[in-house]
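# Provided below are the primary sequence and the corresponding predicted coordinates.
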Amino acid sequence: MRTLLVWLAGGLALVGSSQVALARGWNMPVGVTDLSGEIYSLHMIIFWICVVIGVVVFGVMFYSLFRYRHSQGAKAANFHENTTVEIIWTTVPLLILVGMAVPATATLQKIYDPSDAELDVMITGQQWRWRYEYLGEDVAFNSNLATPRAQIRGEEERGEHYLLEVDEPLVLPINRKVRFLFTSDDVLHAWWVPELAVKQDTVPGFVTENWVQINEPGIYRGQCAELCGVDHGFMPVVVHAVEEDEFDAWLVERQEMAAEEAMGVDRDWEMDELMERGEGVYGSICASCHQPEGQGAPPAFPALAGNEELIAGIEWHKDVVINGVSGTAMPAFRTTLNPVELAAVITYTRNAWGNDTGDAVQPAEIAERLAQ
Amino acid sequence: MWGVIKSVLAAFLGVQRDQQRREDFERGSPLAFIVTGIVMGVLLVAIIALVAFLAAG
Ligand SMILES: [Cu+2]
């Protein structure tokens, strides 16, 4: 009776502690997709199998150590082998492993089946942001860290979503199967959102697949999970899951914006417009290396403010921003930024912080250059 | 022959009776064990591949 009570209390304590671990966020989350729930259950089943094995093995060990101790006159048994016991302790783990492999394989098969998706999103890792392209929908954008640098440097109080907030989240519809196509422009990154149970490496030169079908609207946050350089910690993932009609409206709005942007390439832009647009692009894309005031961080990142070479060489300046400098950390921006953004950021860097060249670079000219 | 197969199976599992081991070493030539081992190894891989193939549907 007494032992039964002890076992019961022990069991309750274990189950209770696992619930606490879940609530506190120490355990992996159940998540918001059918698959994430399945993965969570698998994790828990295997966890409990391990707990039972641990309790039995260490229980027998400690019991034997205590019960057959030397001071109580225990004598060591001297025998060479016991084939029966050996076969049992070899086959039992084998059966346990097979027993775990069966449900695990069934889930893996579902994970690797992105067929019948209603929406394709290309996810590209870049140092240090994510780029999202809704394939066939003419919608694409970069998703940059939105946490102010002052918070990172400790000059300001940290916000609620410190380092887990972006300027443009990935917007997805609930209840639809969405296929992800992953790749990278530079080094290995990994797109990881625990609530969606997706953690996928992005590999330069390769395209890998995964998919989600989200059940609940909400904001789901994640991070890059593959060490990718100095700003590895500054490229979070934010997914905005919305109702289907809300998503359709959002997509149409983004398509209209893209169409407007495309028209903007052909017209002449005023200096003020370019400067305003360029300041925004500079802040989200360039400032992490060349610093907010263009002062750079020599010798790693050259200053752009008061940079003689830049002021003198407009064509070289355009070429560096469009094509990057191979073999250095300066990336090519020809695919990341559109012609308007390129023209704006070049104009901005030629005129901000006392560079005052007076040059206004027109989007049409950049578009022509890109087409060559 | 059956003895050889049994010994190879025991080697797959990693458990062998000491007495059987002694008898095996009295045969002189290891050739039978090597050939049986290779054949059964290929067979094992084929069976696993078949199971995976069936499971993948
Ligand atoms: Cu990364």
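Noted; the coordinates are in hand.

# For the residue in chain B that the ion sits nearest to, give its distance to residue A:106.
For chain B and the ion, the shortest gap (C-beta to the ion) falls at residue B:56, measuring 32.9 Å. For glycine as for every other residue, the C-beta is placed from the backbone atoms N, C-alpha and C. As judged by C-beta to C-beta, to the nearest Å, residue B:56 and residue A:106 stand 11 Å apart.

# Which one's more surrounded, those two?
Legend: neighbour count by other C-beta atoms under 10 Å in any protein chain shown for residue B:56 and residue A:106, higher for residue A:106 (12 against 8).

# buried residues in the longest helix seen in chain B?
Scanning chain B for the longest helix, with DSSP state H as the assignment, gives helix B:31-56. Buried residues in helix B:31-56, counted by 16 or more other C-beta atoms under 10 Å in any protein chain shown: B:32, B:33, B:36, B:37, B:40.

# and the lowest-mean-pLDDT helix or strand in chain B, what other elements does it pack with?
Between all helices and strands in chain B, the lowest mean by mean pLDDT, DSSP states H and E belongs to helix B:18-25, at a mean of 85. Helices and strands touching helix B:18-25, by 3 or more C-beta pairs under 8 Å, 6 or more residues apart in numbering or on different chains; DSSP states H and E, are helix B:2-13.

# And the residue nearest the centre of chain B?
For chain B, the residue nearest the mean C-alpha position is residue B:8 (3.0 Å; C-alpha atoms, centre = their mean).

# which ones are touching it?
Taking C-beta atoms under 8 Å, 6 or more residues apart in numbering or on different chains as the contact definition, residue B:8 lies against B:33, B:36, B:37, B:40.

# again, only using 6 Å
Residues in contact with residue B:8 (C-beta atoms under 6 Å, 6 or more residues apart in numbering or on different chains) are B:36, B:37, B:40.

# Would you map the helices across the stretch 101-250 of chain A?
Applying DSSP state H, counting those that start in this stretch to the stretch 101-250 of chain A gives helices spanning A:149-152, A:244-264.

# export the last one as PDB, just CAs?
In other words, helix A:244-264. What follows is helix A:244-264, C-alpha atoms only, in PDB (Å, rounded to 0.1, in the frame of the first residue of the first chain):
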ATOM      1  CA  GLU A 244      -8.600  34.200 -45.500                       C
ATOM      2  CA  ASP A 245     -10.600  37.200 -46.800                       C
ATOM      3  CA  GLU A 246      -8.300  39.500 -44.900                       C
ATOM      4  CA  PHE A 247      -5.400  37.900 -46.600                       C
ATOM      5  CA  ASP A 248      -6.900  38.200 -50.000                       C
ATOM      6  CA  ALA A 249      -7.600  41.900 -49.400                       C
ATOM      7  CA  TRP A 250      -4.000  42.400 -48.200                       C
ATOM      8  CA  LEU A 251      -2.600  40.600 -51.300                       C
ATOM      9  CA  VAL A 252      -4.600  42.800 -53.600                       C
ATOM     10  CA  GLU A 253      -3.400  45.900 -51.800                       C
ATOM     11  CA  ARG A 254       0.200  44.800 -52.100                       C
ATOM     12  CA  GLN A 255      -0.300  44.100 -55.800                       C
ATOM     13  CA  GLU A 256      -1.600  47.600 -56.300                       C
ATOM     14  CA  MET A 257       1.400  49.000 -54.400                       C
ATOM     15  CA  ALA A 258       3.700  46.900 -56.600                       C
ATOM     16  CA  ALA A 259       2.000  48.100 -59.700                       C
ATOM     17  CA  GLU A 260       2.300  51.700 -58.600                       C
ATOM     18  CA  GLU A 261       5.900  51.200 -57.800                       C
ATOM     19  CA  ALA A 262       6.600  49.800 -61.200                       C
ATOM     20  CA  MET A 263       4.900  52.900 -62.800                       C
ATOM     21  CA  GLY A 264       7.100  55.100 -60.500                       C
END
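
# Flag every buried residue along that helix.
A:247, A:250, A:251, A:254, A:258, A:264.

# okay if I get the residues you listed as JSON lines plus distance to residue A:50 and pLDDT?
What follows is those, written out as JSON lines (distance: C-beta to C-beta, whole Å; pLDDT from 0 to 100):
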{"residue": "A:247", "distance to residue A:50": "41", "pLDDT": "94"}
{"residue": "A:250", "distance to residue A:50": "44", "pLDDT": "93"}
{"residue": "A:251", "distance to residue A:50": "45", "pLDDT": "93"}
{"residue": "A:254", "distance to residue A:50": "47", "pLDDT": "91"}
{"residue": "A:258", "distance to residue A:50": "51", "pLDDT": "84"}
{"residue": "A:264", "distance to residue A:50": "59", "pLDDT": "79"}
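
# which one of those residues sits closest to the ion?
Nearest to the ion among the buried residues of helix A:244-264, counting by C-beta to the ion, is residue A:254 at 24.6 Å.

# The residue nearest to that closest one when sequence neighbours are not counted and residue A:292: what is the separation?
Nearest residue to residue A:254, sequence neighbours excluded (C-beta to C-beta, 6 or more residues apart in numbering or on different chains): residue A:139, at 4.4 Å. Relative to residue A:292, residue A:139 is positioned 29 Å away (C-beta to C-beta).

# Over to residue A:40?
As for residue A:40, its distance to residue A:292 is 42 Å (criterion: C-beta to C-beta).

# Neighbour count: those two, which is higher?
Each of residue A:40 and residue A:292 has its neighbours counted (other C-beta under 10 Å); residue A:40 has more, 17 against 13.

# What distance do you get for the more buried one to the ion?
Distance of residue A:40 to the ion, given as C-beta to the ion, to the nearest Å: 26 Å.

# Next: residue A:130.
Applying C-beta to the ion, the value for residue A:130 to the ion is 8 Å.
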